[in-house]
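Participant: below is the structure, and that's it, no one-letter string:
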């Protein structure tokens, strides 16, 4: 007997590209993000920068009437939600975020949803810092030197820059938490003095991809609780893929999220 499918032809979906096997030790202990037999669309399988792509049914999520551009944020938002769950900030926390790219702005909004009382964002790009204030930051700075030391309940690095990550413990209060969320280059070491971690009683966390957070992400996007429209700065057809990558690498003026639209004409 043919099993029931969750979808019909024509349904509108978003795709979680990370595919777990559901049968290894990590998966069976609900650590699917560390799957020993991990696959990913766009990494080990053909990716989405094409007119057509296939994905396992378990990796697809109904977005209803949500615009496709918004649905494309399901995966990065699910990673952000997992990071916030890892951090578990207390209600009315004072939090600092390093980095005001699209991920930093998603973190800003997600942390506000879980009850942060005050959020400060730092980005060396003044335009991005100003955009963070527009998106709800209580204050934004272009330099770490503008921040008070030993002050924040929690600090989140969304830059992945090892020199910036190395300074995170300077700004969090005694007993506070640091979440290293941005992805650093492989092979580079963070230089952090050990004694202050001990003396301040810090908790240092990391976050890797997401852990069954896709439904949460879609629901928040559908409800408009997370704003993503303003995060898209460039919309290009499939033929403009290389142009989009080059613009990101150059850090072109005003660039945020480059959206590739395979069906654009």
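Facilitator: Everything's here; your move. A quick note: this is a predicted structure, and the numbers were derived from the prediction, not measured. Residues are numbered from 1 along each chain as shown.
Participant: what is the end-to-end distance of stretch 106-124?
Facilitator: 18 Å (Cα to Cα, to the nearest Å).
Participant: let me see the mean pLDDT of it.
Facilitator: The pLDDT scores in stretch 106-124 average 98.
Participant: same thing with stretch 246-258?
Facilitator: For stretch 246-258, the mean pLDDT works out to 90.
Participant: show me what contacts residue 44?
Facilitator: Residues near residue 44 by Cβ atoms under 8 Å, 6 or more residues apart in numbering: residue 38. C-beta coordinates here come from the backbone N, C-alpha and C atoms, glycine included.
Participant: quick one, phi/psi of it?
Facilitator: phi -100, psi -10 (degrees, to the nearest 10).
Participant: leaving out chain neighbours, which residue sits closest to residue 120?
Facilitator: Distance criterion Cβ to Cβ, 6 or more residues apart in numbering; nearest residue to residue 120, sequence neighbours excluded, is residue 96 at 4.6 Å.
Participant: which residues sit against whichever helix or strand the one you found is part of?
Facilitator: Applying DSSP states H and E as the criterion places residue 96 in strand 94-98. With contacts defined as Cβ under 8 Å, 6+ apart, strand 94-98 is touched by 89, 104, 107-108, 111, 116-123, 132, 137, 144, 147, 151-159, 164, 168, 171-172, 182.
Participant: partners of it in the sheet?
Facilitator: Partners of strand 94-98 in the sheet, by DSSP bridges, are strand 118-122 (parallel), strand 152-157 (parallel).
Participant: of the ones you listed, which stretch is the most buried?
Facilitator: Among the strands paired with strand 94-98, strand 152-157 has the highest mean neighbour count (mean count of other Cβ atoms under 10 Å), at a mean of 26.
Participant: identify the residues contacting it?
Facilitator: For strand 152-157, contacts defined as Cβ under 8 Å, 6+ apart pick out 83, 87, 89-90, 93-99, 107, 111, 120, 164-165, 168, 171-173, 176-182.
Participant: now with 7 Å?
Facilitator: Contact partners of strand 152-157, identified using Cβ atoms under 7 Å, 6 or more residues apart in numbering, comprise 87, 89-90, 93-99, 107, 164-165, 168, 171-173, 176-182.
Participant: could you do stretch 103-122 as well?
Facilitator: Residues outside stretch 103-122 that contact it (Cβ under 7 Å, 6+ apart): 76-77, 80-81, 84, 89, 91-98, 100, 129, 132, 135-141, 144, 147, 156, 158, 181, 225-227, 231.
Participant: buried ones only from the contacts of strand 152-157, please, as a PyMOL command.
Facilitator: The PyMOL command for the buried members of the contacts of strand 152-157 (criterion: 16 or more other Cβ atoms under 10 Å) is given here:
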select buried, resi 87+89+93+94+95+96+97+98+99+107+164+165+168+171+172+173+176+177+178+179+180+181+182
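Participant: just the buried residues of the helix or strand that contains residue 235, please?
Facilitator: For residue 235, the host element (DSSP H and E) is strand 232-237. When burial is assessed from 16+ other Cβ under 10 Å, strand 232-237 yields the following buried residues: 232, 234, 236.
Participant: check which helices and strands it sits against.
Facilitator: helix 241-250, strand 257-261 (3 or more Cβ pairs under 7 Å, 6 or more residues apart in numbering; DSSP states H and E).
Participant: angle of the longest one against strand 232-237?
Facilitator: I take that to be helix 241-250. 150 degrees (axes from the mean of the first three to the mean of the last three Cα atoms, to 10 degrees).
Participant: how about residue 175: what's its closest non-neighbour residue?
Facilitator: Of all residues not flanking residue 175 in the chain, residue 201 sits nearest, at 5.0 Å (Cβ to Cβ, 6+ apart).
Participant: my read: the one you found touches residue 176, true?
Facilitator: No - using Cβ atoms under 7 Å, residue 201 is not in contact with residue 176, being 8.4 Å away.
Participant: distance of the nearest residue to residue 168 once chain neighbours are set aside from residue 89?
Facilitator: In space, and not counting its chain neighbours, residue 168 is closest to residue 178: 4.8 Å by Cβ to Cβ, 6+ apart. Counting by Cβ to Cβ, to the nearest Å, the gap from residue 178 to residue 89 is 12 Å.
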